[in-house]
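J.: show me how the following folds:
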Amino acid sequence: MELSYRPTVEDFREALGSRAKVSVSARRTRRLMVFAAVCMVGAAVLSLSGDDGVDLPLVVMPPLVLLLLLGQTRMQAKGLHRLAAAKGEQRIVVDESGVTVATEQGATSLTWQAAPRYAETPRLFVLLSGDKNASSITLLPKRGASGAGDTDRLRALLDQRSSRIGAARPTRAGLLAGLAGVSSSDIP
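T.: Just a heads-up that it's a prediction; the model follows:
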């Protein structure tokens with residue numbers, strides 16, 4: 001299966017969002033940023049309610065931290081896009097042995113052991129390394145597929161070779177229904 005595309009900022013934003021769902025450090029950073037923002041908002045409220053006047057840094061910092069929280073992924077995506085765009089068009093071959101990404105500047109190959117899991121977003125498939133922070137990601141944009149059925153074939157190959165993250169997990173009722181040979185919709 002071959003894909004050909006030019007990366008966009010939106011590709012990287014979606015990929016980073018998928019990575020954040022499985023990365024321990026990304027979840028920890030997000031929690032710490034939210035905790036810091038809540039503390040600053042509390043300090044600003046206390047400053048505004050006091051008789052000593054307004055402490056300007058405590059009033060200004062919460063909105064700035066909020067802007068950083070909201071814009072962090074966007075800034076990272078823009079930086080990654082600049083690096084990838086400088087390499088030109090991406091040509092990707094996905095087969096039984098792994099994934100090869102070729103650009104005007106060179107080529108890189110990954111075995112399936114290097115990308116044991118993947119996520120699917122509306123616009124792309126994201127291959128993720130197996131470490132706890134998903135330190136390596138490979139983007140496979142669906143728009144790069146040449147034929148109509150290529151996206152389904154790529155999904156089937158990825159399901160064979162990698163574990164899908166974020167896939168719906170069967171419910172207990174569904175598992176029991178499957179063992180009993182009935183549909184889970186028949187269970188009240």
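J.: so after the particular helix or strand that has residue 45 in it, what's the next helix or strand?
T.: Assigned by DSSP states H and E, residue 45 belongs to helix 24-49. Downstream of helix 24-49, the next assigned helix or strand under DSSP H and E is helix 56-85.
J.: show me what that next one is packed up against.
T.: Packing partners of helix 56-85 (3 or more C-beta pairs under 8 Å, 6 or more residues apart in numbering; DSSP states H and E): helix 9-22, helix 24-49. In this view, the C-beta of every residue, glycine as well, is placed from N, C-alpha and C.
J.: how about the CA coordinates for the shortest one, as CSV?
T.: In CSV, the C-alpha atoms belonging to helix 9-22 read as follows (Å, rounded to 0.1, in the frame of the first residue of the first chain):
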residue,chain,number,x,y,z
VAL,A,9,-0.4,21.6,10.6
GLU,A,10,-3.7,20.0,11.2
ASP,A,11,-2.1,16.5,10.6
PHE,A,12,0.3,17.2,13.4
ARG,A,13,-2.3,18.6,15.7
GLU,A,14,-4.4,15.5,15.3
ALA,A,15,-1.4,13.2,15.8
LEU,A,16,-0.2,15.1,18.9
GLY,A,17,-3.7,14.8,20.3
SER,A,18,-3.7,11.0,19.7
ARG,A,19,-0.2,10.8,21.3
ALA,A,20,-1.4,12.8,24.4
LYS,A,21,-4.1,10.2,25.1
VAL,A,22,-1.5,7.4,25.6
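J.: looking at the helices and strands packed on helix 56-85, which is nearest to residue 111?
T.: Judged by C-beta to C-beta, the one of the helices and strands packed on helix 56-85 that comes nearest to residue 111 is helix 9-22, at 19.6 Å.
J.: what packs against the closest one?
T.: Helix 9-22 packs on helix 24-49, helix 56-85, strand 117-120, strand 124-128, strand 137-141, going by 3+ C-beta pairs under 8 Å, 6+ apart.
J.: which parts of stretch 85-103 are buried?
T.: 90, 91, 92, 94, 98, 99, 101, 102 (16 or more other C-beta atoms under 10 Å).
J.: how close does the first one get to residue 68?
T.: Meaning residue 90. Distance of residue 90 to residue 68, computed by C-beta to C-beta, to the nearest Å: 30 Å.
J.: what does the fourth one give?
T.: According to C-beta to C-beta, residue 94 and residue 68 sit 36 Å apart.
J.: circling back to that earlier point, show me the two of the buried residues of stretch 85-103 that sit farthest apart.
T.: Across the buried residues of stretch 85-103 (C-beta to C-beta), the longest gap, 15.8 Å, separates 90 and 98.
J.: tally of neighbours for residue 66?
T.: 15 (other C-beta atoms under 10 Å).
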